[in-house]
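>>> Sharing a model prediction with you, sequence too.
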Amino acid sequence: MVVKPYQWFAWLSTACLLTAALLAAFNVYPLYVWAFIISNTMWIIVGILWSEKSLIVMNAGLTIIYVAGLLLS
C-alpha cells in the first residue's frame with residue numbers, strides 16, 4: 001500500500017470539511033461558509049503537496065464560489 005505524504009493533514013482537512021457540512025446542515029450562517037473556505041483551502045494545500053491538479057482545481061473553484069457568495073450576499 002502506498003502512503004502519500006502529509007496524510008495527517010488530509011485527514012484534518014476532511015474533518016474540517018465534515019464540520020462545515022454539519023454547520024451547513026443546521027444553517028449556522030455565516031460560520032459554515034467560513035468553515036468551507038478554510039477546509040477547501042486546506043484541501044488546496046493537500047493538492048499542492050500531492051501534486052494532484054484535480055484537487056487543486058476543484059477546491060480552488062469551490063473556495064472562489066464561497067468567497068463570492070460572502071461578498072455578494
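Noted; the coordinates are in hand. Values in this document were obtained by computation on a predicted structure and should not be read as measured data.
>>> ok, which stretches of this protein are helices?
With DSSP state H, the ranges of helices along the chain come out as 7-25, 31-50, 53-72.
>>> What residues sit buried inside the first one?
Read that as helix 7-25. Buried residues in helix 7-25, counted by 16 or more other CB atoms under 10 Å: 10, 13, 16, 17, 19, 20, 23. No exception for glycine: its C-beta is placed from N, CA and C like everyone else's.
>>> neighbours around the residue lying closest to the third one once chain neighbours are set aside, how many?
Distance criterion CB to CB, 6 or more residues apart in numbering; nearest residue to residue 16, sequence neighbours excluded, is residue 39 at 3.8 Å. Counted with other CB atoms under 10 Å, the neighbours of residue 39 add up to 24.
>>> how close does residue 39 sit to residue 10?
Going from residue 39 to residue 10 by CB to CB, to the nearest Å gives 11 Å.
>>> where are the low-confidence patches of this structure?
Within the chain, not a single segment meets pLDDT under 70.
>>> Name the residue closest to the centre of it, please.
For the chain, residue 40 is the residue whose C-alpha lies nearest the centre (CA atoms, centre = their mean; 1.7 Å).
>>> That's all I had, so thanks and see you.
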